[in-house]
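# got a sequence here, can you build the structure:
(2 chains)
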Amino acid sequence: MRTGFRAPFVAAATLAVAFGVMPGAAQAPYRAARAADGKANLNGIWQALNEGEWDIEGHSSAPGRVQALGAEDAVVPGLGIVEGGPLPYLPAAAAKKKANFEKRLTSDPEIKCYLPGVPRAMYLPQPFQIIQSQKHIMMAFQYAGAIRTIYMDEHTDAPADSWMGWSNGHWEGDTLVIDTTGFNDLSWFDRAGNFHSDALHVVERITPASADLLNYEATIDDKKVFSRPWKMSMPIYRRKEKGARLLEFRCVEFVEDLIYGALRKPGTRAQQ
Amino acid sequence: MRHRSLASFGVLLVAIAVIAVATHRVAGQTAPPASAKPAPAAQATKKWTAPRTPDGQPDLQGYWTNSTYVPLERSDKVTKAFYTEQEFAALVKDAAARENEQTEPGTVADVHYDFTQFGLDRSQSAFVKNDLRTSMIVDPPNGKMPPLTTEGQKRAADRAAERRRMGATTDAVQNMPIGTRCLIMAGSGPPMMNAGYNSNYQIVQSPGYVTILVEMIHDARIIPVGDKQAALPQGVTQWMGDSRGHWDGDTLVIETTNLNGKNPYRGSSEKMKVTERLWRADANTLGYRFTIDDPGTWSASWTAEAPMTKSVGPIFEHACHEGNYGVRNQLAGARLEDKKAAEAAAKKTSN
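Down below sits the predicted model:
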């Protein structure tokens, strides 16, 4: 009896090792909870918890951009979310990344409450919600109320360029694979000026790893900016607080004086 | 002019325009939709069985539009609940002509956008119902909002005084209407009203949530249904408030409170409670009725109906703020005029 139990377990463990599954996950692979249509259920309120927003590459802590904000604006150190490295920038693009970094206080689209683009939306330090139906999977982001609609059928090319791109999705087992193109060249990857062009092509793989954990990876291909495709990966966690929900972060009004203040009629009172 | 503009509008929209022509011909022959007559929601749902989502909810999903020529309030000149088809046709023609004027530079003083280039206004929409009602308001029966309370009148006067104190709309961005500033538009509500152009919605459902994506400002109203989510504490307010839903038979009832008062609806206070009802009236119609309770503003609650019509996708990304050259150009133009006026004044003095 005991031997009979152990033999398949050992076989499974051997298989797991042979296929490169993490040793800690030598038990049966996680089978995701099901949606009503039998697909893996990704519904919920999620958030990444890493320092990729500061710089997707590994980085030390550093002074912030705004002296008055002191430690609150200081760069939080992180190991990075890029696999391998350094990022394979083409020479001209490397120069542009450097220039972006120098002028990050005025040029980072996030400063102006612009839509975050993809993949940046996925690891901003604010939650997002997945609303999963059969034909469409929506991702609603708290930051700037950004939206992605993932078309699970009726796949088409992007009808127009946009900030959040045009996403076609399909299932590979329990993994949601999202192919996104049709980007403009205006969003960045992080606050450090890492950027892309309108040739950006992102393929994301989202796999439930436990009831409250998604494994996320994205392959970034942009022939105008990078010499080869590269990959980022991270866990994304379920927000478990009682009553977890998205709230409004309608940031436009917070940046109006920053953007249009110079055009205010002299002598009129600025907003506090 | 219009047709020439349309030609540059892209294959997709030309296709929609073709549908528009076809639909218009049919629309001219149809009777007023059943939902045009005030009828209890429960009664309306009985006529047509709504499809179900795989998890058993009434299925409200799809692309919808609330583009319409029906005004919220009945005109003072009108005493009946429905126009005749001839009256309606004349009204549409006049409204379309006014909207067309706005799109042609030089025809009116405040050209906003050329709708044929940047949006789909009502006159271009293939999906405007031949709705003969003379008002959206069904209660009170006179089709008008109830009288303002003393408090409501005072608030309206205070707001007008504050606007005067702030100066001209082009003095500062904060003086401009919130829609111009890309903060929020009429389509988001609540209540969800037609936005003049691009009045498009997509509903997506997941267990415990009905999500209404509003094209304008890409606002997603994520409505928790049942006990999925606790109410917001009293002190936490939002532009779109805190919306909570439940099913009443096949009708989704959404109750919204915790508004922040920055987006008042027709003079409402931040204490307004909005109760919306959404139901599948038939294959092509989503019934939509809302009741406004705001005792600090109106002497009685009032109710209106603004049904949505099945439309086609996709919902395009409305990156309003990101492309807001309107605000920048208006402010820059006003400052240039200030400068010219100052120079002219200086010249006059020196002479």
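# please count neighbours and contacts with C-alpha atoms only from this point.
Will do.
# am I right that B:R159 is in a helix?
Yes. When DSSP: H, G, I helix; E, B strand; the rest coil is applied, B:R159 is found to be in a helix.
# any idea of the pLDDT on A:S162?
According to the per-residue confidence, A:S162 scores 98 in pLDDT.
# quick check: it touching A:G182?
Yes. With contacts counted by Cα atoms under 8 Å, A:S162 reaches A:G182, the gap being 6.3 Å.
# where do the helices sit along the stretch 51-200 of chain A?
Taking DSSP state H, counting those that start in this stretch as the criterion, the stretch 51-200 of chain A carries its helices at A:91-102, A:104-107, A:120-123.
# wait, A:S227 touches A:L90, no?
Yes. Contact between A:S227 and A:L90 holds when scored by Cα under 8 Å: they sit 5.7 Å apart.
# ends of stretch A:51-64, how far apart?
Chord length of stretch A:51-64, first to last residue, is 14 Å (Cα to Cα, to the nearest Å).
# tell me which residues are up against that stretch.
Stretch A:51-64 is contacted from outside by A:70-82, A:85-87, A:120, A:123-125, A:189-192, A:194, using Cα atoms under 8 Å, 6 or more residues apart in numbering or on different chains.
# pretty sure A:R205 is in a strand, no?
Yes. Residue state for A:R205 (three-state DSSP) corresponds to a strand.
# which residues does it bridge with?
The residues paired with A:R205 through beta bridges, assigned by DSSP bridges, are A:V177, A:E217.
# what is the neighbour count of it?
The burial count assigned to A:R205 is 22, neighbours taken as other Cα atoms under 10 Å in any protein chain shown.
# just B:R122 next, same as before
With neighbours defined by other Cα under 10 Å, the count for B:R122 comes to 24.
# ok, it touching B:T65?
No. The pair B:R122 and B:T65 does not pass the contact test of Cα under 8 Å, sitting 10.4 Å apart.
# before we move on, what SS does B:K228 have?
B:K228 carries the three-state label coil when classified by three-state DSSP.
# contact partners for it?
By Cα under 8 Å, 6+ apart, the neighbours of B:K228 are B:208-209.
# next one: phi and psi at it?
Here is the backbone geometry of B:K228 (degrees, to the nearest 10): phi -60, psi -30.
# wait, a strand at B:L336?
No. Counting by three-state DSSP, B:L336 is not found in a strand; it is helix.
# count of residues packed around it?
When neighbours are counted by other Cα under 10 Å, B:L336 registers 13.
# from chain A, how far out is it?
Note on B:L336: its distance to chain A, by Cα to the nearest Cα, to the nearest Å, is 10 Å.
# tell me how far that residue lies from B:G179.
Taken as Cα to Cα, the span from B:L336 to B:G179 is 24 Å.
# pLDDT weak spots in chain A?
For chain A, residues meeting the criterion pLDDT under 70 lie at A:1-27, A:270-272.
# in it, which spans are strands?
Ranges of strands in chain A, per DSSP state E, are A:44-48, A:128-132, A:136-141, A:147-151, A:166-172, A:175-181, A:201-210, A:213-221, A:230-238.
# now the angle between strand A:128-132 and the last one, please.
Angle of strand A:230-238 versus strand A:128-132, following axes from the mean of the first three to the mean of the last three Cα atoms, to 10 degrees, is 90 degrees.
# what's the answer for the fourth one, then?
Compare the direction of strand A:147-151 with that of strand A:128-132 by the same axes, to 10 degrees and you get 30 degrees.
# same list, the helices of the stretch 51-200 of chain A, but as TSV with mean neighbour count please.
Formatted as TSV, the helices of the stretch 51-200 of chain A follow (neighbours: other Cα atoms under 10 Å in any protein chain shown):
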stretch	mean neighbour count
helix A:91-102	15
helix A:104-107	16
helix A:120-123	22
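# of all those, which one is nearest chain B?
Nearest of the helices of the stretch 51-200 of chain A to chain B, taken as Cα to the nearest Cα: helix A:104-107 at 13.1 Å.
# and the closest one, how far out from the chain middle?
21 Å (Cα atoms, centre = their mean, to the nearest Å).
# and for stretch A:190-198?
Centroid separation for stretch A:190-198 versus its chain: 13 Å, with Cα atoms, centre = their mean.
# give me the contact status of it with chain B.
No. Using Cα under 8 Å from any Cα of the partner chain, we find that stretch A:190-198 stays clear of chain B, coming within 16.0 Å at best.
# am I right that B:T291 is in a strand?
Yes. Counting by three-state DSSP, B:T291 is part of a strand.
# quick one: contacts for it?
If you count contacts by Cα under 8 Å, 6+ apart, B:T291 has them with B:274-276, B:301-304.
# would you turn those into JSON lines with pLDDT, distance to chain A and neighbour count?
Formatted as JSON lines, the contacts of B:T291 follow (pLDDT from 0 to 100; distance: Cα to the nearest Cα, whole Å; neighbours: other Cα atoms under 10 Å in any protein chain shown):
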{"residue": "B:V274", "pLDDT": "98", "distance to chain A": "18", "neighbour count": "22"}
{"residue": "B:T275", "pLDDT": "98", "distance to chain A": "20", "neighbour count": "21"}
{"residue": "B:E276", "pLDDT": "98", "distance to chain A": "20", "neighbour count": "24"}
{"residue": "B:S301", "pLDDT": "98", "distance to chain A": "27", "neighbour count": "17"}
{"residue": "B:W302", "pLDDT": "98", "distance to chain A": "28", "neighbour count": "20"}
{"residue": "B:T303", "pLDDT": "98", "distance to chain A": "27", "neighbour count": "21"}
{"residue": "B:A304", "pLDDT": "98", "distance to chain A": "27", "neighbour count": "24"}
